[in-house]
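*Asks:* Build the 3D model from these lines:
(one chain, ligands or ions: 1)
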Amino acid sequence: MMLTDLTIAEARDGLRAKRFSAVDLTMAHLHAIEQLNPRLNAYLTVSHSQALAQAQAADAALAAGEARALTGIPLAIKDLFCTQGIRTTAGSRILEPFVPPYESTVTANLKRDGAIFLGKANLDEFAMGSSNMTSAFGPVENPWKRRQDANAVLVPGGSSGGSAAAVAARLAMGATGTDTGGSIRQPASFCGLVGVKPTYGRCSRWGVVAFASSLDHPGPFARTVRDSAILLGSMSGHDPKDSTSANVPVPDFEAACARGVKGLRIGVPKEYRSDGMAAEIEALWQQGLGWLRDAGAEIVDVSLPHTKYGLATYYIIAPAEASSNLARYDGVRFGMRREGQDLRDLYERTRAEGFGAEVRRRVLIGTYVLSAGYYDAYYLRAQKVRALILRDFTDVFTQVDALLTPTAPSAAFGQGEKMDDPITMYLNDVFTVPSNLAGVPAASVPAGLDTNGLPLGLQVIGRPFDEATVLAVSSVIEQAAGFDALPAIRAGA
Ligand code: GLN
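*Replies:* I've put the predicted structure just below:
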C-alpha cells in the first residue's frame, strides 16, 4: 500500500509506531501533487518548503513523544482560509497578490495540532458556485471518470472543488472547506468523500474570506467518517475573535463515530422527494434508510414544509451579504489595484477587472435586494422565510434525532454543462441550502455509484451542536455501503 492511500487514522498510528516519518508522508504527497496537479488544477499554491519544515517539526515532536491529534498529517487548505505568509486568493483576480499577515483560527487550530499544509486548494471565486468553474485560475478536474466515457472531463463540484479533488486523488489526506449553501457536501458527494458542515458557530469564521457571513460554515473533507471526525475535532472550538463563535464544549467526535444508531429515530422529509428526482438517487436513498433500519434505527416520515422556499431565500440572503462583504475590495486596502483618473475611476476599474461574471452577478443582485424600496419586499421577506425554515427543523427535531436525504440531485456533471443558465447551476444546492439557512449540522457520506460509475452521497442532518449523532449515523451508512470504489485519476494509479 502506498503512503498516500492511508487514512488519517492509519497514518497517525503509523507515525507513532515509527513505520514511516512525517517527512516520508509529506514527500509522498508532494510527489503526487507534482505528478497530478498540472492536470487536476486542485492546488493554486503548493507550499513545498513550509510543508517540509512542518514535517521536520512533526518528526521532532513524534521523537519527543509530544505528538498531538494531527501531528504529521498532510492536508490541503481551501484558498479561502487566510494563511500567514502564504498567498490567499479566494479564487479571485482581485486577491491574486494577497499574502495575509495573519492565520485563520481554523488553520491555526490545525497547526497547533501538528497538521502539515501542502498548499492552497482551488475554489469557485469567493466560494460562489457549484462546479469550481468560476475560479479565476481555471477549473478543477474531477478525478472520477464515467465508466463508458473516460474522455469527458467532469467537475468536482463546488465551491470547495480543489479540496475535494485533492483528497479524492490522494494529493492530501484531508482538507478544509467552507459550506455556505452546500460547498462541502456537494463536492464530497461528487468526489466520493465524506464532507461535514458543522453547526453554525462550531468552527470559527475568523480569517476565512467572507462570502455570506450568516451562512458560511468551515468544515472538513476526508475519505472516511472517522477521519473527518478527527479533523472536525481539531478545527472546532470557541473563538473570541468571531462574535458568532459558540462557547460550547467540543465532544470526542472520533469516539462518537462508533455509537451506532440503535434506538435512534431517523426522519425522511417528504419535501425532499422532488418529482424529477433521478430513479437511482431515490433508490439509493431507500437503500440508506434500509441500512439504518437494519442497524436498529426507527424510520419516521416527517415534513419540513418550507423547504420549497429554501433556494429562493438563499439566493436573496447570500448575495445580499456578499454584496456587503465584497465592498471592501476597492483597490485601496487589499490585493489588486488598477489606477484610474480619480478615486472613483480606480474603484471601478479595480472591481470591473478584479471580479468575474458570477461575482458581479451576485453583487448586483445583493445590492438590488438591499436597496431602498426593495429591502422590505425581498431581503426582509427572505429573513422571515428563513425563520420559518429554521422553525421547521426545530419542530422536526422534537420527533426525530436526525434526517436522511440525498446530498445532491445528480452525480458529477461535465465541465461546461449547466453553464448557460445560472438557475440550473443554483439547483445543485436544493437539498443542501436549508441546513445552512437553519445553521444545523449536516454531512455527506458516499453511499454508492450511479450507472456511470460515479459516486453518489447521502446527507445526514442533525440537531444544532449534535454533530456526534450525524457522525454516528454517517458511520453506519459508510459501513453498510462498503464504498471502496476508487477514482480513475489518483496517486499511484
Ligand atoms: N453553490 C452555492 C452558491 O453558489 C453555494 C456555494 C457555497 O456553499 N459556498 O452560492
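
*Asks:* who in the stretch 301-450 of the chain is up against the ligand?
*Replies:* Within the stretch 301-450 of the chain, the residues that sit near the ligand (CB under 6 Å from any ligand atom) are A318, D429. Heads up, the C-betas are built off the backbone N, CA and C, glycines and all.

*Asks:* Sketch out the low-pLDDT regions of the stretch 301-450 of the chain for me.
*Replies:* Within the stretch 301-450 of the chain, not a single segment meets pLDDT under 70.

*Asks:* Residue of it nearest the ligand, please.
*Replies:* Residue nearest to the ligand within the stretch 301-450 of the chain (CB to the nearest ligand atom): D429, separated by 4.8 Å.

*Asks:* how many neighbours does that residue have?
*Replies:* Other residues within reach of D429, judged by other CB atoms under 10 Å, total 25.

*Asks:* I figured it was touching Y314, is that so?
*Replies:* Yes. Between D429 and Y314 a contact is recorded at 7.1 Å, counting by CB atoms under 8 Å.

*Asks:* and G219, that one's in a helix?
*Replies:* No. G219 is assigned strand when assessed by DSSP: H, G, I helix; E, B strand; the rest coil, not a helix.

*Asks:* what's the overlap in contacts for D429 and Y314?
*Replies:* Common contacts of D429 and Y314 (CB atoms under 8 Å, 6 or more residues apart in numbering): G181.

*Asks:* Can you report how many residues neighbour the residue lying closest to the residue of the stretch 301-450 of the chain closest to the ligand once chain neighbours are set aside?
*Replies:* The shortest distance from D429 to any residue other than its chain neighbours is 4.2 Å, reached at G182 (CB to CB, 6 or more residues apart in numbering). Neighbour count for G182, taken as other CB under 10 Å: 31.

*Asks:* what's the answer for E96, then?
*Replies:* 16.

*Asks:* Return the distance of it relative to Y102.
*Replies:* As judged by CB to CB, to the nearest Å, E96 and Y102 stand 19 Å apart.

*Asks:* go on, G157?
*Replies:* With CB to CB as the criterion, G157 and Y102 are 29 Å apart.

*Asks:* Which one's more surrounded, the two?
*Replies:* G157 (36 against 13).

*Asks:* Pick out the residue closest to the middle of the protein.
*Replies:* The centroid of the chain falls nearest to I184 when counting by CA atoms, centre = their mean (2.0 Å).

*Asks:* for that one, what are its contacts?
*Replies:* Listed by CB under 8 Å, 6+ apart, the contact set of I184 reads S160, G177, T178, G195, V196, K197, H217, G219, P220, F221, S444.

*Asks:* Report pLDDT for it.
*Replies:* Reported pLDDT at I184 in the predicted model: 98.

*Asks:* And it, its phi and psi?
*Replies:* In terms of degrees, to the nearest 10, the main-chain angles of I184 are phi -100, psi -50.

*Asks:* Roughly how far does it sit from A312?
*Replies:* 22 Å.

*Asks:* ranges for the strands of the chain?
*Replies:* With DSSP state E as the criterion, the chain has strands at 43-46, 74-78, 116-121, 174-179, 194-197, 217-222, 265-269, 298-302, 402-406, 442-449, 455-462.

*Asks:* Need the winner for burial among these.
*Replies:* Of the strands of the chain, the one with the most neighbours on average (mean count of other CB atoms under 10 Å) is strand 194-197, at a mean of 34.

*Asks:* Next up, the contacts around the residue nearest to G492 when sequence neighbours are not counted.
*Replies:* Once flanking residues are discounted, G492 sits nearest to M2: 4.6 Å by CB to CB, 6+ apart. Residues near M2 by CB under 8 Å, 6+ apart: A28, R170, A491, G492.

*Asks:* can you rerun that using 10 Å?
*Replies:* Applying CB atoms under 10 Å, 6 or more residues apart in numbering to M2 gives the contacts A28, A32, R170, R490, A491, G492, A493.

*Asks:* Counting neighbours, which of the residues you listed comes out on top?
*Replies:* R170 (26 neighbours).

*Asks:* For that one, give me the pLDDT.
*Replies:* Here, the pLDDT recorded for R170 equals 98.

*Asks:* ok, now which ones touch the closest residue to S234 other than its chain neighbours?
*Replies:* Nearest non-adjacent residue to S234, counting by CB to CB, 6+ apart: D113, 4.4 Å away. When contacts are counted by CB under 10 Å, 6+ apart, D113 touches A67, R68, A69, L70, T71, I73, I230, L231, G233, S234, M235.

*Asks:* Mind doing that once more with 7 Å?
*Replies:* R68, A69, L70, S234 (CB atoms under 7 Å, 6 or more residues apart in numbering).

*Asks:* which one among these gets closest to the ligand?
*Replies:* S234 (21.7 Å).

*Asks:* My guess is the closest one contacts N109. True?
*Replies:* Yes. The pair S234 / N109 is scored as a contact, 5.6 Å apart, by CB atoms under 7 Å.

*Asks:* So for those two, which residue has more residues nearby?
*Replies:* Just comparing S234 and N109: by other CB under 10 Å the higher neighbour count belongs to S234, 25 against 21.

*Asks:* and the gap between the more buried one and A175?
*Replies:* Computed as CB to CB, the S234 to A175 distance reads 13 Å.
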